[in-house]
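Chemist: Got a sequence here, can you model it:
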Amino acid sequence: MAIEEKYIEIPNCPLCGSNHVYKLKVERTHFIKSLTMDDLGEKQAVLITRIFTCPIKNRKFQATIVLYQSPGEKIEQVTVEGIV
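Modeler: From the prediction side, this is the model:
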């Protein structure tokens, strides 16, 4: 399993309207897959819904973000680490 840090920007917070950047921890499983011509270079969009905290209002809100995975991997877990 591979763990990577990602940063996601929420440009218009639904609670305060400000721009916020959050640090995410993304855990991916890599596996061997027989690739076809259709798989080459194709990344699949994955919708992930998480709870974020607005640092201005100190209230939580739900947002759906888009992450991408290659044909030979699967996103297992996404954790919001906090505001940057």
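
Chemist: Please identify the helix or strand for V66.
Modeler: strand 59-69 (DSSP states H and E).

Chemist: Pull up the pairing partners for that strand, direction included.
Modeler: strand 44-54 (antiparallel) (DSSP bridges).

Chemist: who touches the partner strand?
Modeler: If you take C-beta atoms under 8 Å, 6 or more residues apart in numbering as the criterion, strand 44-54 is touched by 10, 13, 15-16, 18, 20, 22, 59-71, 75, 78, 80, 83. The C-beta positions use only the backbone N, C-alpha and C, and glycine is treated the same way.

Chemist: Swap in 7 Å and give it another go.
Modeler: Residues outside strand 44-54 that contact it (C-beta atoms under 7 Å, 6 or more residues apart in numbering): 10, 13, 15-16, 22, 60-69, 75, 78, 80.

Chemist: Out of the residues you listed, which end up buried?
Modeler: Buried members of those, counted by 16 or more other C-beta atoms under 10 Å: 10, 13, 15, 22, 65, 67, 69, 78, 80.

Chemist: so the fourth one makes contact with I83?
Modeler: Yes - applying C-beta atoms under 7 Å as the test, Y22 and I83 come out as touching, 5.8 Å apart.

Chemist: what about the helices in this structure?
Modeler: Shown for the chain, no helices are assigned by DSSP state H.

Chemist: Quick one: the strands in it, in order.
Modeler: 2-10, 20-30, 44-54, 59-69, 73-83 (DSSP state E).

Chemist: Deepest in the core, which of the ones you listed is it.
Modeler: strand 20-30 (a mean of 15; mean count of other C-beta atoms under 10 Å).

Chemist: Identify all contacting residues around that strand.
Modeler: 1-10, 13, 52, 55, 67, 69, 72-84.
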